[in-house]
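Asker: next come a sequence and a model predicted from it.
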Amino acid sequence: MKKICGKILAVSISEKKGEKKNNIDCGLFLENLGLENDAHAQADIKRQVSLLAKESIEKIRAKGLDVNYGDFAENLTIEGVDLPSLPIGTRLKVGQEVLLEVSQIGKVCHNRCNIFYTVGDCVMPREGIFAKVLAGGEIKVNDRIEIAD
């Protein structure tokens, strides 16, 4: 039996890399590609989908910054899972059919992007994670996210 770990708070998409993403109610995640029509969707790369926890966003809000889901260019904003603690290779079942595999924890920002200049800080390099899509399907707000057996 799978352990319910958390839930999806936002699904977000953008046309260009390095910018805030817009929240959508539901997104189609394509196997070995990512979120359909998102700037980061690309076959055979490690960072097809980005995830960030509400808890990480709250840390930035505590500094007095007005930030929202998608402002750090994350595709999925979740709550209830300590994302940076997940080992690479961890499989996450999201909703009814999507299976993601953690492929990278955090990232190196060589240049400060629009997000940093707009928000004043970017938590994604420290606490965001990236995943590949092993099995595609729809992900919508309030879907469960579980660590797969």
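Answerer: Nice, I can see it.

Asker: surely Thr90 touches Glu146?
Answerer: No - using C-beta atoms under 8 Å, Thr90 is not in contact with Glu146, being 11.0 Å away. All C-beta spots, glycine's among them, are computed from the backbone N, C-alpha and C.

Asker: the spatially most central residue of the chain sits in which helix or strand?
Answerer: Nearest residue to the geometric centre of the chain (C-alpha atoms, centre = their mean): Leu51, 1.8 Å. According to DSSP states H and E, Leu51 maps onto strand 49-53.

Asker: what lines up beside that strand in the sheet?
Answerer: Here strand 49-53 is paired, per DSSP bridges, with strand 76-79 (parallel), strand 129-135 (antiparallel).

Asker: highest average neighbour count across these?
Answerer: Highest mean neighbour count among these (mean count of other C-beta atoms under 10 Å): strand 76-79, with a mean of 24.

Asker: identify all contacting residues around that one.
Answerer: 6-12, 49-55, 57, 69-70, 94, 139, 145 (C-beta atoms under 8 Å, 6 or more residues apart in numbering).

Asker: swap the cut-off to 10 Å and go again
Answerer: 5-12, 21, 23, 27, 29, 35, 49-58, 68-71, 83, 92, 94, 98, 100, 129, 131, 139, 141, 143-145 (C-beta atoms under 10 Å, 6 or more residues apart in numbering).
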